[in-house]
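> need a 3D model of the sequence below.
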Amino acid sequence: MPRVCTFTGRRTSAGRTYTLRGKAKYLGGVGTKITGKTKRTFRPNIQTVTALVDGSPQRIKVSVKAIRSGLVIKPLKRKYAYKPEAAATE
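Below you'll find the model as predicted:
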């Protein structure tokens, strides 16, 4: 399974990390120089959660930003939270 959020579409993206040499100008140096560039990946914070999808609980991969913003609706953990039919009619 790919590392992709179901709601926001966040996925692994590519970038670079820079290796620097020298002292910054504001610290009294002559400035920093780039001595190397290395490829790297930026991975989103993807969690596997149980969420309600079309009324039924399913395990999906979701970014933490989607969970915090309220896009994920989690099911109730216990069945006794629901009221039985007989008690509801009385």
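
> for Leu71, which non-adjacent residue is closest in space?
Leaving aside its sequence neighbours, Leu71 sits nearest to Phe7 (C-beta to C-beta, 6 or more residues apart in numbering; 4.6 Å). For glycine as for every other residue, the C-beta is placed from the backbone atoms N, C-alpha and C.

> touching, the one you found and Lys65? I think so.
No - using C-beta atoms under 8 Å, Phe7 makes no contact with Lys65, being 9.1 Å away.

> where does pLDDT dip in this structure?
For the chain, the stretches with pLDDT under 70 are 1, 79-90.

> so for it, the centremost residue is which one?
Ser63 (2.5 Å; C-alpha atoms, centre = their mean).

> which residue sits closest to that residue, ignoring its sequence neighbours?
Cys5 (3.9 Å).

> swap in Arg11?
In space, Arg11 is closest to Val4, 4.6 Å off (C-beta to C-beta, 6+ apart).

> can you pull the contacts of that neighbour?
Contacts here follow C-beta atoms under 8 Å, 6 or more residues apart in numbering; on that basis Val4 touches 10-11, 46, 61.

> which one of those sits closest to Tyr26?
Closest approach to Tyr26 among the contacts of Val4 (C-beta to C-beta): Arg10, at 35.1 Å.

> ok, the closest one to Lys77 distance?
27 Å (C-beta to C-beta, to the nearest Å).

> more neighbours, those two?
Using other C-beta atoms under 10 Å as the criterion, Arg10 and Lys77 rank with Arg10 on top: 20 against 7.

> distance of the closest residue to that one other than its chain neighbours from Tyr26?
With sequence-adjacent residues excluded and distances taken as C-beta to C-beta, 6+ apart, Arg10 is closest to Pro44, at 4.2 Å. Per C-beta to C-beta, Pro44 is found 34 Å from Tyr26.

> cool, Ala51 as well?
From Ala51 over to Tyr26 (counting by C-beta to C-beta), the distance is 48 Å.

> do Ser13 as well
Note on Ser13: its distance to Tyr26, by C-beta to C-beta, is 31 Å.
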